[in-house]
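Chemist: I need the structure of the sequence given here:
(one chain, ligands or ions: 3)
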Amino acid sequence: MIRLAIQKSGRLSEDSLNLIRECGISFVNSSLKLKTEATNFPLEILFLRDDDIPGYVADGVADIGIVGENVLVEEGKQELQVQKLGFSQCRLSIAVPKNTVYDDISGLEGKNIATSYPNLLQAYLSGEGVQAHIHTISGSVEIAPSIGLADAICDIVSSGSTLISNGLREVQTVFRSEAVLIAHPKLTEVKRQILNQLLFRIDAVRKAQKAKYILLNAPNAAIPRIKSLLPGMKAPSILPLTEEGWSSVHSVVNEDDFWEIIQKLREAGAQGILVVPIEKMIL
Ligand SMILES: Nc1ncnc2c1ncn2[C@@H]1O[C@H](COP(=O)(O)OP(=O)(O)OP(=O)(O)O)[C@@H](O)[C@H]1O
Ligand SMILES: O=P(O)(O)OC[C@H]1O[C@H](OP(=O)(O)OP(=O)(O)O)[C@H](O)[C@@H]1O
Ligand SMILES: [Mg+2]
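Modeler: Ligands and ions are numbered 1, 2, ... in the order given. Sure, this is the predicted structure:
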């Protein structure tokens, strides 16, 4: 049995649980229970505050965990990182009241900056050769300038709407973050094998998230051009249609290239294009 620590309730929780479920792992989850066991995989899940997760994994209380890179690096435990997970993407940024004159980072010299990430902020300011006073607070950081606690803040930004709602303007990006899987460095052989099985499933789920299965019909004369647009996993499948001179083409496309490829396929003569999500993908 391997023990996984995830955030109990917050920005990482839903996507962490979804990832485990998409890996085909079933468990009963009630908001009151802080521990649960999977029914079809040797996994126990602990529901914790995110700040505690790197420490628990470092100590071996939990074997693996899911946490934001920002928290991991802030706590100086980046050596635990195994793999990026592609969700909870955000940035740690410095922001100032929107009407403050700000030309460049030297404008922060000697200023008071409120943050929950003093180590990341200090490392960034030192790298830029700026000295400022860092005021560490544990939450509601965006309120600090408006109550006279600080001249600027350094906090997590995603859409930017929290900054705007609090009359702040983002001026400097300190760190870019996403959710990461972390692991205790000295797992037993059995636990290492379970982790490898889990990583295999995560990889299949993540590859599938980025890919689409595509089916289309095309006149046979258009097939060479369409083949060149759709490399597929190995090569596209091409099946004859019951209508003379036509074929059906099946392939896999990367989500990022999707719209550009669709346009070119239509220009090449493709019709009846169907795009279907893929659940798992193993190369
Ligand atoms: N707006 C956001 N968009 C995307 N990811 C975010 C956002 N805010 C935070 N995150 C990421 O999710 C992590 C958890 O954020 P959250 O705000 O839930 O933390 P918290 O309030 O410290 O939670 P806890 O109660 O567990 O201590 C952050 O460390 C960051 O990596
Ligand atoms: O740029 P935005 O999309 O507005 O997101 C940024 C906000 O999201 C996070 O807080 P969250 O809403 O998770 O609440 P918390 O402060 O209670 O953790 C973060 O601390 C910011 O305040
Ligand atoms: Mg926290």
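Chemist: distance of the residue located most distally from the centre of the chain from ligand 2?
Modeler: Residue farthest from the centre of the chain, counting by Cα atoms, centre = their mean, is residue 244 at 47.2 Å. In this view, residue 244 and ligand 2 are 56 Å apart by Cβ to the nearest ligand atom, to the nearest Å. Backbone N, C-alpha and C define where each C-beta goes, glycine included.
Chemist: gap between the two ends of stretch 231-244?
Modeler: Start to finish, the residues bounding stretch 231-244 are 25 Å apart (Cα to Cα, to the nearest Å).
Chemist: what does stretch 59-79 give?
Modeler: Termini of stretch 59-79 sit 13 Å apart (Cα to Cα).
Chemist: does ligand 1 sit close to that stretch?
Modeler: Yes - Stretch 59-79 reaches ligand 1 (Cβ under 6 Å from any ligand atom) through 68, 70-71.
Chemist: can you pull the buried residues of that stretch?
Modeler: Buried residues in stretch 59-79, counted by 16 or more other Cβ atoms under 10 Å: 62-75, 77.
Chemist: narrow the residues you listed to those in helices?
Modeler: 69-74 (DSSP state H).
Chemist: tell me which element the closest residue in space to residue 115 that isn't next to it in sequence is part of?
Modeler: If the residues on either side of it in the chain are set aside, residue 115 comes closest to residue 154, at 3.9 Å by Cβ to Cβ, 6 or more residues apart in numbering. In the assignment (DSSP states H and E), residue 154 maps to strand 152-157.
Chemist: is ligand 3 contacted by that strand?
Modeler: No - on the criterion Cβ under 5 Å from the ion, strand 152-157 is out of touch with ligand 3, staying 10.4 Å away.
Chemist: circling back to that earlier point, relative to residue 29, which of the ones in helices among the buried residues of stretch 59-79 is nearest.
Modeler: Minimum distance to residue 29 across these is 22.4 Å, recorded for residue 71 (Cβ to Cβ).
Chemist: confirm residue 6 sits in a helix?
Modeler: No - counting by DSSP: H, G, I helix; E, B strand; the rest coil, residue 6 is not part of a helix but strand.
Chemist: is it true that it touches residue 14?
Modeler: No - under the criterion of Cβ atoms under 8 Å, residue 6 is not in contact with residue 14, lying 10.2 Å apart.
Chemist: these two: who's more crowded?
Modeler: Counted by other Cβ atoms under 10 Å, residue 6 and residue 14 do not tie: residue 6 has more neighbours, with 24 against 13.
Chemist: follow-up on the earlier one: quick check on the residue farthest from the centre of the chain: phi, psi?
Modeler: Taking degrees, to the nearest 10, you get phi -50, psi 130 for the backbone angles of residue 244.
Chemist: do the one 10 residues further on as well
Modeler: The main-chain torsion angles of residue 254 are listed as degrees, to the nearest 10 and equal phi -80, psi 130.
Chemist: on the pLDDT front, check it for me.
Modeler: Residue 254 carries a pLDDT score of 90 in this model.
Chemist: give the contact list for it.
Modeler: Shown in contact with residue 254 (Cβ atoms under 8 Å, 6 or more residues apart in numbering): 210-211.
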